[in-house]
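Trainee: Sequence plus predicted model, see below.
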Amino acid sequence: MSDIETLQKEYEAAQQNAEKAKLKLKAANADRFKSLPKQVGLKTVDALIKELLPFASGVTKGKLKGVFDGKGIAAKATPAKATTRKPRAKLDDARRKKIEDRLREGQKTAAEVAEEFDVSKATVNDIKAKAKLTKRRK
């Protein structure tokens, strides 16, 4: 067996040992974290988190706002805020032309045209810019 083959086998064995060690470490940490509340005289992880909340960063406080009820027991988390963003508009050339024509008339704002054609204001403004219907700033 060559030196390279021997080194390759040693390397693979070391990788396997490292993976086993990672798993053991993860299990040990999980046990350690589960026991933390008892170490400070609390019953649950939720109670520990509530007690630590005043020392958390503003970002963490914001994420956990409204999660705990007045008794210190984790309540149902607030659902994620639904986005109001429209799905990507699929515009064909004919529809783009209609939007461009409506903009050329000059009777409606970009926001009104966007609402009329059920597209975002950004889409209308892109069409407006490509059609050179915008003015340069002074």
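Mentor: Perfect, I can see it now.
Trainee: Distance from the chain centre to the helix or strand bottoming out on mean pLDDT in the chain, please.
Mentor: Sorting the helices and strands of the chain by mean pLDDT, DSSP states H and E puts helix 58-64 at the bottom, at a mean of 81. Relative to the centre of its chain, helix 58-64 is centred 15 Å away, using Cα atoms, centre = their mean, to the nearest Å.
Trainee: Contacts for whichever helix or strand comes after it, please.
Mentor: Remark: after helix 58-64, the chain's next helix or strand is helix 93-105, criterion DSSP states H and E. Contact with helix 93-105 is made by 91, 108, 110, 113, 116, 117, 119, 124, 127, 128, 131, 133, as judged by Cβ atoms under 8 Å, 6 or more residues apart in numbering. The C-beta positions use only the backbone N, C-alpha and C, and glycine is treated the same way.
Trainee: which residue sits closest to the second one, ignoring its sequence neighbours?
Mentor: Among residues not flanking residue 108 along the chain, residue 102 sits closest, at 6.4 Å (Cβ to Cβ, 6 or more residues apart in numbering).
Trainee: Neighbours of that neighbour, how many?
Mentor: Residue 102 sits with 18 neighbouring residues when counted by other Cβ atoms under 10 Å.
Trainee: do the one 10 residues further on as well
Mentor: Other residues near residue 112 come to 13 when the count uses other Cβ under 10 Å.
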